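Q: requesting a structural model of the entry that follows:
(2 chains)
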Amino acid sequence: MHPVRRKRLVALFSILIILGLAVGLILYALQQNINLFYGPTQVAQGEAPQNITIRVGGMVVENSVQRDQTSLAVRFEVTDFVHNIAIEYDGILPDLFREGQGIVAQGKLNENGIFIAQEVLAKHDEKYMSPEVSEALESAKSYSTTLVE
Amino acid sequence: MNWTWFHKFGSPKWFFQWADKWGKLIFYIGIALFLVGLVLGLGFAPEDYQQGNSVRIIYIHVPAAMLAQSCYLALGVAGIVFMVWQMKMAPIFMKAMAPIGAVMAFLALMSGAIWGKPTWGTWWVWDARLTSVLILFLMYLGIVAIQNSFDDTKLADKAAAIIAIIGLINLPIIKYSVEWWNSLHQPATFVIGEKPSMPSEMWVPLLFSVLGFYCIVTALVCWRMQTELLIRERRASWVKKEVTKHGV
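A: Next up, the predicted model:
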């Protein structure tokens, strides 16, 4: 390669690498601000501040959803399979909300460690399935559990 | 490695004639692929077990998002080629590509928002993936603006190339944003070397749609480059010949 061009190429890549490092360090330093939500373990370890609007996310625990019979109030737990956190919410849940579904809730953590949500969003995972396949999987699962029982 | 083909594309006259010959064909192939993808995707692909019919927006959203990133990669590489080798086709390519990339990024953002409302329950969140794609869109706008804002073409090309190169840092951030940080956007469904987490009735139409998008964008870029070539090379004798050949 022509020496002038090589010099330009090296200079360009050095600039890119240095800028990339700078951006990387900034993003690393801001990690907690870029994370959209706190996980249940972070909340359990006291990393999440109280009485400040934050988001928590996790998987809705099976059989934990308790709906109030007369209002929209609902109480459920989310988990990351290490720790759980209780969430209370009064409002319309997204269509995708169900037990076993990932959700992200925005709200405040109170003194008792209960998260009072103002907004609940459903998180969709990367798996796509047709309804028939999903039903087949469900029935296979319930079949195997009845076998175990 | 044989670089003759690359040097051929560096010749304005050769490229102009090549684009004249193949542009239309590539465009029609692209339209055909895209239509096949749309018909299969909207008419025959199954619903998703959770999202229902709103899953079908992926036949626009995924290709648009892929193109937005691919176009940017091409833009950055063209920037490097221009800065290092000073090929005069590189800035012409950048000028042709940048607005198309911007449209793709915008399409990805819009379709994502339309999908997000029924699925997540919100149009927009400031999560890492969404924000980094918004930055990508703004980078495109910046490049378009800068390349058009100087009277001195050489200066404009240089400034646009530098911004395009610096913006390359954003690409890995977009790609890994869903893994490095907690985000609302789901991680990648297709990972190289792994079985896709999607039935083939869904991903085959998607593949058609993606290939169609690539062809359409290639053809549009060729045509836009031809226009830019005619403007920049207006004093060259081959341009006069080309233009008289078309009866002007």
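
Q: just the helices from the chain, written as ranges.
A: No chain was given, so I picked chain A. Using DSSP state H, the helices assigned to chain A run over residues A:3-29, A:31-34, A:40-44, A:131-148.

Q: that's the wrong chain, I wanted chain B
A: Taking DSSP H, the helices of chain B run over residues B:4-9, B:12-39, B:58-85, B:89-119, B:128-149, B:153-167, B:170-180, B:200-232, B:237-245.

Q: how far does stretch B:8-22 sit from the chain's center?
A: Here the centre of mass of C-alpha atoms in stretch B:8-22, compared against the chain's by CA atoms, centre = their mean, to the nearest Å, lies 20 Å away.

Q: how about stretch B:56-67?
A: Relative to the chain's own centre, stretch B:56-67 is displaced by 12 Å; criterion: CA atoms, centre = their mean.

Q: remind me what the helix or strand of chain B with the lowest mean pLDDT packs against, helices and strands.
A: Among the helices and strands of chain B, helix B:4-9 carries the lowest confidence by mean pLDDT, DSSP states H and E, at a mean of 78. Helix B:4-9 sits against helix B:12-39, with contacts defined as 3 or more CB pairs under 8 Å, 6 or more residues apart in numbering or on different chains; DSSP states H and E. To be clear about C-beta, it is placed using only N, CA and C from the backbone, and glycine gets the same treatment.

Q: is the helix it packs on positioned near chain A?
A: No: if you take CB under 8 Å from any CB of the partner chain as the test, helix B:12-39 misses chain A, and the best it gets is 15.9 Å.

Q: helices or strands next to that helix in the packing?
A: Other elements packing on helix B:12-39 under the criterion 3+ CB pairs under 8 Å, 6+ apart are helix B:4-9, helix B:89-119, helix B:200-232, helix B:237-245.

Q: avg pLDDT for the last one?
A: I take that to be helix B:237-245. If you average the pLDDT over helix B:237-245, you get 85.

Q: roughly how far out does that helix sit from the chain middle?
A: Relative to the chain's own centre, helix B:237-245 is displaced by 30 Å; criterion: CA atoms, centre = their mean.

Q: that one vs helix B:200-232, what angle?
A: Orientation check (axes from the mean of the first three to the mean of the last three CA atoms, to 10 degrees): helix B:237-245 against helix B:200-232 gives 110 degrees.

Q: which secondary structure elements does helix B:237-245 sit against?
A: Using 3+ CB pairs under 8 Å, 6+ apart, helix B:237-245 is in contact with helix B:12-39, helix B:200-232.

Q: now the longest one against helix B:12-39, angle please.
A: Between the axes of helix B:200-232 and helix B:12-39, defined by the same axes, to 10 degrees, the angle is 150 degrees.

Q: quick one: helix B:200-232 to helix B:153-167, angle?
A: Going by the same axes, to 10 degrees, helix B:200-232 makes 160 degrees with helix B:153-167.

Q: quick check: angle from helix B:200-232 to helix B:89-119?
A: If you take the same axes, to 10 degrees, helix B:200-232 sits at 140 degrees to helix B:89-119.

Q: helix B:200-232 packs against which elements?
A: Contacts defined by 3+ CB pairs under 8 Å, 6+ apart place helix B:200-232 against helix B:12-39, helix B:58-85, helix B:89-119, helix B:237-245.

Q: in it, what's buried?
A: Going by neighbour count (16 or more other CB atoms under 10 Å in any protein chain shown), the buried part of helix B:200-232 is B:202-226, B:228-229, B:232.

Q: give me the mean pLDDT for that helix.
A: In this model, helix B:200-232 has a mean pLDDT of 94.

Q: can you check the shortest one too?
A: What helix B:12-39 shows for mean pLDDT is 94.

Q: next one: it to chain centre, how far?
A: Centre-to-centre, helix B:12-39 and its host chain are 15 Å apart (CA atoms, centre = their mean).

Q: buried residues in it?
A: Those would be B:12, B:15-16, B:19, B:23, B:26-27, B:29-30, B:33-34, B:36-38, for helix B:12-39 by 16+ other CB under 10 Å.

Q: what about the nearest residue in space to residue B:210 that is not next to it in sequence, how many neighbours?
A: Take residue B:210 and drop its neighbours on the chain: the residue closest to it by CB to CB, 6 or more residues apart in numbering or on different chains is residue B:63, 4.5 Å away. By other CB atoms under 10 Å in any protein chain shown, the residues close to residue B:63 number 28.

Q: what's near enough to touch residue B:63?
A: B:206, B:209-210, B:212-214 (CB atoms under 8 Å, 6 or more residues apart in numbering or on different chains).

Q: check residue B:155 too.
A: No contacts exist for residue B:155 under CB under 8 Å, 6+ apart.

Q: how close does residue B:8 get to residue B:82?
A: From residue B:8 over to residue B:82 the distance is 18 Å, taken as CB to CB, to the nearest Å.

Q: between these two, point out the one with more neighbours.
A: Counted by other CB under 10 Å, residue B:8 and residue B:82 do not tie: residue B:82 has more neighbours, with 24 against 11.

Q: below-threshold pLDDT in chain A: ranges please.
A: A:141-149 (pLDDT under 70).

Q: ok, back up a step: can you give me how far the least confident helix or strand of chain B is from the chain middle?
A: Distance of helix B:4-9 from the chain centroid (CA atoms, centre = their mean) equals 22 Å.

Q: go ahead and confirm residue B:85 touches residue A:5.
A: Yes: taking contacts as CB atoms under 8 Å, residue B:85 lies within contact range of residue A:5: 6.2 Å.

Q: show me the beta-bridge partners of the most centrally placed residue in chain A.
A: Central residue of chain A (CA atoms, centre = their mean): residue A:57, 3.7 Å from the mean position. Taking DSSP bridges as the rule, residue A:57 bridges to residue A:104.

Q: re earlier: identify the residues contacting the least confident helix or strand of chain B?
A: Applying CB under 8 Å, 6+ apart, the external contacts of helix B:4-9 come out as B:14-15, B:18, B:89.
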